[in-house]
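Participant: return a 3D structure for these sequence lines:
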Amino acid sequence: MKSFRTEIENPVVEKDIIELEKKILEFKGGNVDEEKFRSLRLARGVYGQRQPGVQMVRIKLPYGKVTSNQLLRISDVSDEYSRGRLHITTRQDIQIHYVDLERTPELWAQLERDEVTIREACGNTVRNVTASETAGIDVNEPFDVSPYAHAVFEYFLRNPIGQEMGRKFKVSFSASDEDTGLSYMHDLGFIAKEKDGERGFKVMLAGGLGSQPRLADELYSFLPTDKIIPLMESVIRVFDRYGERKSRAKARMKFLLKDIGLDGFKKLLDEEQLAIPHKTYPINFEDYPKVNVAEVEAPEVTIEDQEAFEQWKSTNLVPQKQEGYVAIGIKVLLGDFYTDKARELAKLVQDYAAGEIRLSLRQNILIPYVKEELVPFFYQELKKSGFAEAGYNKALDITACPGTDTCNLGIASSTGIADELERVIKAEYPHYINNPDVVIKISGCMNACGQHNMAHIGFQGMSVRTKDKLVAPALQVLLGGGNYGDGNARFADKVAKIPSKRGPQALRLILDDFEANGNGASFTDYYEEKGQHYFYDFLKPLTDVDNLTQEDFIDWGNEEKYKKEIGIGECAGVIVDLVATLFFESQEKIENAEEAINDGKWAASIYYSYQSIVNSAKALLTAEKVKVNTHASIIRDFDKLYVETGKIGFEGGFDKIALQLNKNKPSEAFAKSYLEDAKNVLELLEAYRKLELEHA
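Facilitator: Sure, this is the predicted structure:
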């Protein structure tokens, strides 16, 4: 085995990495099914890339906080295992591309030396916990949400209840009512509140983007901080049992809420309360690491271009509630930067600030705790590294996913059109460099990783077919999205579908009309006043595909003719439905349950036993080609097809055994008895399957 075993101090992490290496070897040897292996590696941050033979590794960075040492470690890893490029995502992660699958365990071990993980960065898991990048310094925040976001990250990492859900689960924390954490588009969103001197959160439930965006419902107007983890555990348990598992298109929390309603969901939450291991979970914010700012004198600097410096200050300095300090925003084009610059940045913040940066939801970097007198020095140093471009979080600051550059699901280039639109704004609309009101976002497909359907001006990658059946890259233009704050928002409307090469022309028409007819209103107000049809009318000429030129068949950033190629998406982590593999997984869950009991983790053991029981039932139903869309339907249909017909005997019904899960407190006695039930279920169902095959 690799030498990394001796480098990892945490035995849990070491075991995890060794397990990944073991599964890679089994997969390479043909002993693990490809779909099963895909599910396993996704839960460990290893994601298939558009290019064959290489992987994207997603590094999980809770609420976007990265220390200098961690940034240096990530840079070393990227140089060693990839190509020295780092990509900031819209969920405050960092991705590195073109990684050899067999080297991923070694890569992971190197990251863990500075407490950086890739665990559950992809797959059907609780994804990275995001938060306002200004958390802790926000002038409008009632308190710092960072300790609470960190507690949630730690509690649910490797927690069995969130390892194999029907789809991913996303959670965010907003520092203030401005809702810069975007609670309205998350499965769970928390907005910091204070009530009668007590800390708490407004809780938003079941928001989402994608092809069918949904605004989150308000679950609680105020929930004390010691209740957020018990609540989230309840929500995940309900989603795990009742959420769709077969159809990926319907497997998010928002569809479950649509089906059963908010009151129905609350009822299911109530039914889980007996089984929740913690009725309250106090989070001691006083234990959160204190900020230590470097004590240095401001070096003397000479600013050669004073006008450029003043322009940069007007757009890139962020007020900070701590007196004498400001935060500096770094505009990172499309979230891409290189390790040589990352190292320079790490040293700068270590020597002259608080030794940390925050990655933003707009793929940028924020440096907190910069002394006001050091601003000229930081400008000069950042300029040397190419990090001093004006326009942080302004109209010029376009967000885009990787699109067809690396993603299997990409339909059209998002980075290429983003480059061109930024060029158009710089050249033709330079005053927009100061405009925070026009947000432009681009996604390469309907899945909205670039968050296009929450933008004022959004573009979604598509394709268009001519009468001659020729296919060209296209863009769906969306307008009118906006964040109103406190969990309230508006999603953008689809207005027109145009060939990609006409994207800049569409932007010009929109901005020209906004300037001529906006009458000083915000872009959202201007759009709502004019209405969807108004914009369609003046964009309609761009939709004509009867007059396409050869250039229209070449996508932005490409030289070859466009070819629509969509691979298998891995965002959801495919669930394998092979009977033998399902029984094997049930046995693995039993082993996990036994280990949890030995460690005194009763709640974890109980959930592993539950997963084994449901998995065993799923195996037989799969053999009969019965739909296994949800855990709840598996339990119900197994009773109907096997117990009620007398094929298999379970006194009181199969549901009585399976659903002990939420009928008992998580005690040692129940954990042990439930484990025995899981073993009996597996033994009985495997024996039944064996007889079936013998008489087939």
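Participant: low-confidence ranges, the protein, go.
Facilitator: 1-8, 35, 408, 564-578, 696 (pLDDT under 70).
Participant: ok now stretch 138-153, how far from the chain's centre?
Facilitator: 18 Å (CA atoms, centre = their mean, to the nearest Å).
Participant: buried residues in that stretch?
Facilitator: Going by neighbour count (16 or more other CB atoms under 10 Å), the buried part of stretch 138-153 is 138, 141-153. (Glycine included, C-beta is placed from N, CA and C.)
Participant: so which pair among the residues you listed is furthest apart in space?
Facilitator: Greatest spatial distance among the buried residues of stretch 138-153 (CB to CB): Pro142 and Phe153, at 21.1 Å.
Participant: domain assignment for the chain?
Facilitator: 3-112, 130-287, 306-384, 399-553, 579-694 (automatic domain parsing).
Participant: contacts only, for Tyr155.
Facilitator: 229, 281 (CB atoms under 8 Å, 6 or more residues apart in numbering).
Participant: distance of it from Pro62?
Facilitator: Using CB to CB, to the nearest Å, Tyr155 is found at 11 Å from Pro62.
Participant: strands of the stretch 101-250 of the chain, residue ranges please.
Facilitator: 130-131, 171-174, 188-195, 198-205, 217-224 (DSSP state E, counting those that start in this stretch).
Participant: so Ser172 touches Leu182, yeah?
Facilitator: Yes - with contact defined as CB atoms under 8 Å, Ser172 counts as touching Leu182 (6.0 Å).
Participant: between these two, what contacts are shared?
Facilitator: Joint contacts of Ser172 and Leu182 (CB under 8 Å, 6+ apart) are 130, 189.
Participant: which of the two has more neighbours?
Facilitator: Set Ser172 next to Leu182 and count neighbours by other CB atoms under 10 Å: Ser172 wins out with 30 against 24.
Participant: quick check: that one vs Tyr562, distance?
Facilitator: Counting by CB to CB, the gap from Ser172 to Tyr562 is 36 Å.
Participant: ok, Arg158 next?
Facilitator: Counting by CB to CB - Arg158 and Tyr562 are separated by 43 Å.
Participant: ditto for Leu345
Facilitator: Applying CB to CB to Leu345 and Tyr562 gives a distance of 37 Å.
Participant: kindly check the end-to-end length of stretch 160-175 for me.
Facilitator: 29 Å (CA to CA, to the nearest Å).
Participant: how distant is that stretch from the center of its chain?
Facilitator: 9 Å.
Participant: likewise for stretch 37-56?
Facilitator: With CA atoms, centre = their mean, you get 16 Å for stretch 37-56.
Participant: how about that stretch: buried residues?
Facilitator: Neighbour-count burial for stretch 37-56 [16+ other CB under 10 Å]: 37-50, 55-56.
Participant: swap in stretch 290-297?
Facilitator: Buried residues in stretch 290-297 (16+ other CB under 10 Å): Val293.
Participant: what does that stretch contact?
Facilitator: Under CB under 8 Å, 6+ apart, the answer for stretch 290-297 is 136, 325, 350-355, 369, 371, 374.
Participant: most surrounded residue in these?
Facilitator: Counting neighbours by other CB under 10 Å, Gly136 comes out on top of those with 27 neighbours.
Participant: and that residue, what does it touch?
Facilitator: 144, 146, 175, 291, 368.
Participant: looking at those residues, which one is closest to Gln660?
Facilitator: Using CB to CB, these come closest to Gln660 at Ser146, 38.2 Å.
Participant: report the contact partners of the closest residue to that closest one other than its chain neighbours.
Facilitator: What sits nearest to Ser146 in space, not counting adjacent residues and going by CB to CB, 6 or more residues apart in numbering, is Ala135, at 4.8 Å. Residues in contact with Ala135, defined by CB under 8 Å, 6+ apart, are 63, 141, 144-146, 149, 173, 175, 358.
Participant: do that again at 10 Å, thanks
Facilitator: 63-65, 141, 143-149, 173-176, 180-181, 192, 358, 368 (CB atoms under 10 Å, 6 or more residues apart in numbering).
Participant: neighbours of Glu244, how many?
Facilitator: 20.
Participant: phi, psi of it?
Facilitator: For Glu244, the backbone dihedrals are phi -60, psi 140 (criterion: degrees, to the nearest 10).
Participant: please verify my assumption that it contacts Asp259.
Facilitator: Yes - using CB atoms under 10 Å, Glu244 is in contact with Asp259, at 8.8 Å.
Participant: tell me which residues in stretch 452-470 are buried?
Facilitator: 452-464.
Participant: for it, how far is the first residue from the last?
Facilitator: 26 Å.
Participant: mind listing the shared neighbours of Tyr155 and Pro62?
Facilitator: With CB under 10 Å, 6+ apart as the test, Tyr155 and Pro62 both reach Val129.
Participant: show me the contacts for Arg167.
Facilitator: 123-125, 187, 208, 239, 243-245, 248-253, 255-256, 571-573, 575.
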